[in-house]
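1. please find the sequence and the predicted model below.
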Amino acid sequence: MRLCVYQPDIAPNLGAMIRLSACFGVPMDIIEPCGFPLSLKALRRSAMDYADIADLTRHDSWEIFQNTRPNGRLVLMTTKATDILWDFPFQDTDTIVMGRESAGVPEEVHASVDAHIKLPMYGAARSLNVAMSAGMAVSEALRQTR
């Protein structure tokens with residue numbers, strides 16, 4: 001299981017996902033560019049000391065990530081999906097892809113993933129915080145594949 005974050009906009013959200021990655025032992029891919037300067041100092045500020053123990057790989061672009069990633073399915077968390085997180089059968093080689101807070105992912109990324117899943121929202125609610133959604137998705141994926 002892996003977690004992939006596509007061009008994150010908000011450093012504290014990336015920090016929370018790095019902490020998630022470290023605590024659950026799930027390697028994490030960060031697709032750049034980010035909406036903030038991604039330096040060791042910024043990582044330490046947003047992820048505390050968890051950046052030192054997380055298995056992080058930075059990629060300069062989606063194309064480079066695609067050419068170097070491990071085998072397995074890409075599973076995109078998106079509000080545009082019809083499949084629900086809890087009904088999706090995860091595999092232990094899946095990579096869960098999270099989009100930008102401001103814009104999700106571009107159409108080329110949507111078209112290149114293997115599955116699209118979402119969290120069902122109640123009433124007029126549209127979405128949860130990206131880090132919270134990542135935590136729910138990783139937790140469910142690990143529950144299924146443990």
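-> Great, that's in hand.
2. dihedrals phi and psi, the closest residue to Y6 other than its chain neighbours?
-> Of all residues not flanking Y6 in the chain, I31 sits nearest, at 4.7 Å (Cβ to Cβ, 6 or more residues apart in numbering). (Glycine included, C-beta is placed from N, CA and C.) With angles defined as degrees, to the nearest 10, I31 sits at phi -90, psi 120.
3. F65 and L74: what is the separation?
-> 9 Å (Cβ to Cβ, to the nearest Å).
4. got any residues that touch both of these two?
-> C4 (Cβ atoms under 8 Å, 6 or more residues apart in numbering).
5. and those two? Which one has more around it.
-> Ranked by neighbour count (other Cβ atoms under 10 Å), F65 and L74 place F65 first, with 22 against 19.
6. quick check: which ranges of the chain have low pLDDT?
-> 40-46 (pLDDT under 70).
7. now do the helices in it.
-> For the chain, the helices defined by DSSP state H cover 11-24, 40-47, 62-68, 107-112, 130-145.
8. what packs against the third one?
-> Just to be clear, that refers to helix 62-68. strand 28-31, helix 107-112 (3 or more Cβ pairs under 8 Å, 6 or more residues apart in numbering; DSSP states H and E).
9. distance from it to the middle of the chain?
-> Relative to its chain's centre, helix 62-68 lies at 15 Å (Cα atoms, centre = their mean, to the nearest Å).
10. next, the buried residues of it.
-> 62, 65 (16 or more other Cβ atoms under 10 Å).
11. and the contacts of that helix?
-> Under Cβ under 8 Å, 6+ apart, the answer for helix 62-68 is 4, 6, 29, 31, 59, 108-109, 112.
12. could the residues you listed go into a markdown table alongside distance to V97 and neighbour count?
-> What follows is the contacts of helix 62-68, written out as a markdown table (distance: Cβ to Cβ, whole Å; neighbours: other Cβ atoms under 10 Å):
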| residue | distance to V97 | neighbour count |
| --- | --- | --- |
| C4 | 5 | 25 |
| Y6 | 6 | 22 |
| D29 | 9 | 21 |
| I31 | 9 | 26 |
| H59 | 12 | 18 |
| E108 | 13 | 9 |
| V109 | 7 | 20 |
| S112 | 10 | 14 |
